[in-house]
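*Asks:* next input, structure requested:
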Amino acid sequence: MTFSQTEYLRQELLSQQWIQDLHWLPEIDSTNSWAYRSLQDGSAGRLPALFLADQQTAGRGRGDHRWWSPGGCLMMTLAIGADLLPGDRSVWSQLALVVGVAVAEAAGEFVDASTIQLKWPNDLYVAGRKCGGILIESGPHRADGTHPSTWLVGLGLNVDLNWSAAPEQLQAQATSLSDQSPARVDQAAVLVELIQQLEGWLLGWRDGQRHWQTHWHQACLLTGKVVRVGDGQSRGVVGLCEGVDGHGRLVVRTESGVQLMTSGQVIDWD
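*Replies:* Sure, this is the predicted structure:
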């Protein structure tokens with residue numbers, strides 16, 4: 001993403017009056033880490049604030065996973081306040097799933113929407129290959145140690161990559177929007193569409209709308225498949241995936257009954 005594009009995006013996104021501050025750097029360790037530090041030292045500005053980088057040197061996924069972050073991958077973190085979350089704290093665990101629906105809807109504007117799937121809890125797949133990942137983290141805790149008032153919505157989305165320098169495993173398993181489109185996909189256009197989708201879905205969720213669940217059910221990669229969910233160190237829970245429930249939990253029917261997974265990693269699936 002060139003500097004001229006960034007200036008265009010700044011004006012385009014700020015003019016829509018949802019994003020209040022936009023920060024861009026050509027290279028950073030991790031946009032989530034950068035956003036966290038900015039919230040800590042007060043330089044983030046007004047929220048929602050958007051943090052963008054052309055490249056990450058230490059891009060992070062869930063757990064100890066790392067995200068390969070070259071140019072052509074849209075790397076961003078959206079810092080939001082708790083005012084964008086529902087008043088009922090018990091549903092806050094749905095945030096990654098709502099964001100996933102927004103990302104899927106945005107991607108569907110550039111590739112065949114029927115090829116887009118969501119893998120619980122935080123991955124975007126296109127044509128059976130991983131195309132994006134979501135990392136939700138809490139912002140700095142308040143000085144009194146109470147719950148944080150800010151949240152970090154991190155996203156890595158493969159838009160238009162040169163795979164020749166990618167690790168072999170990624171070349172075999174990943175894809176980009178441009179790979180799945182008859183024409184090259186523009187990163188700036190994807191970002192503008194993505195922010196519009198995030199605004200709509202997050203505000204709707206905050207205000208009590210639950211139709212994200214229907215979209216998730218329709219796009220769920222794992223429904224009807226035998227899955228193994230665990231921490232990577234043991235066999236874990238094995239059973240037939242029946243989708244995601246209204247609380248965002250993965251529903252797995254095992255030999256001993258239904259298991260509702262609130263956390264964990266889907267290690268493999270049939």
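*Asks:* C-terminal to the lengthiest helix in the chain, what's the next element?
*Replies:* Of all segments of type helix in the chain, defined using DSSP state H, the longest is helix 187-206. Sequence order places helix 212-219 as the next helix or strand after helix 187-206, per DSSP states H and E.
*Asks:* name the helices or strands packed onto that next one?
*Replies:* Here helix 212-219 touches helix 95-107, strand 116-119, helix 187-206, strand 237-244, going by 3 or more C-beta pairs under 8 Å, 6 or more residues apart in numbering; DSSP states H and E. (C-beta placed from N, C-alpha, C; glycine too.)
*Asks:* CA atoms only: put whichever strand or helix holds residue 55 into CSV for me.
*Replies:* Using DSSP H and E, residue 55 sits within strand 49-56. The C-alpha coordinates for strand 49-56 follow below in CSV (Å, rounded to 0.1, in the frame of the first residue of the first chain):
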residue,chain,number,x,y,z
ALA,A,49,-9.1,3.9,15.5
LEU,A,50,-7.5,1.9,12.7
PHE,A,51,-3.9,0.8,12.6
LEU,A,52,-2.5,-0.3,9.2
ALA,A,53,0.9,-1.6,8.2
ASP,A,54,2.4,-2.6,4.8
GLN,A,55,4.4,-5.4,6.5
GLN,A,56,4.7,-7.1,9.9
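*Asks:* bridging residues for residue 125?
*Replies:* Note on residue 125: beta-bridge partners by DSSP bridges are residue 117, residue 130.
*Asks:* is it correct that it is in contact with residue 107?
*Replies:* No - contact criterion C-beta atoms under 8 Å: residue 125 and residue 107 do not qualify, at 10.0 Å.
*Asks:* contact partners for the spatially closest residue to residue 83 that is not a sequence neighbour?
*Replies:* In space, and not counting its chain neighbours, residue 83 is closest to residue 206: 7.9 Å by C-beta to C-beta, 6 or more residues apart in numbering. Shown in contact with residue 206 (C-beta atoms under 8 Å, 6 or more residues apart in numbering): 83, 84, 85, 86.
*Asks:* distance of the third one from residue 40?
*Replies:* Read that as residue 85. For residue 85, the distance to residue 40 equals 20 Å [C-beta to C-beta, to the nearest Å].
*Asks:* comparing the two, which shows the higher neighbour count?
*Replies:* Comparing residue 85 with residue 40 by neighbour count (other C-beta atoms under 10 Å), the higher total belongs to residue 85, at 18 against 11.
*Asks:* neighbours of the nearest residue to the more buried one once chain neighbours are set aside, how many?
*Replies:* The shortest distance from residue 85 to any non-neighbouring residue, by C-beta to C-beta, 6+ apart, is to residue 92 (5.7 Å). Using other C-beta under 10 Å, residue 92 has 15 other residues around it.
*Asks:* one more: residue 74?
*Replies:* Using other C-beta under 10 Å, residue 74 has 23 neighbouring residues.
*Asks:* can you give me the distance of it to residue 180?
*Replies:* 15 Å.
*Asks:* same thing with residue 121?
*Replies:* Distance check for residue 121 against residue 180: by C-beta to C-beta, it reads 23 Å.
*Asks:* so these two - more neighbours on which side?
*Replies:* A direct count of neighbours by other C-beta under 10 Å for residue 121 and residue 180 places residue 121 higher, at 23 against 19.
*Asks:* other residues contacting the helix or strand residue 25 falls within?
*Replies:* Using DSSP H and E, the element containing residue 25 is strand 21-28. For strand 21-28, contacts defined as C-beta under 8 Å, 6+ apart pick out 1, 6, 9-10, 13-14, 34, 38, 44-47, 49-57.
*Asks:* I figured residue 150 was touching residue 82, is that so?
*Replies:* Yes - counting by C-beta under 8 Å, residue 150 sits close enough to residue 82 to count as a contact (7.2 Å).
*Asks:* re earlier: residue 125 and residue 107: who's more crowded?
*Replies:* Higher neighbour count among residue 125 and residue 107: residue 107, with 27 against 21, using other C-beta under 10 Å.
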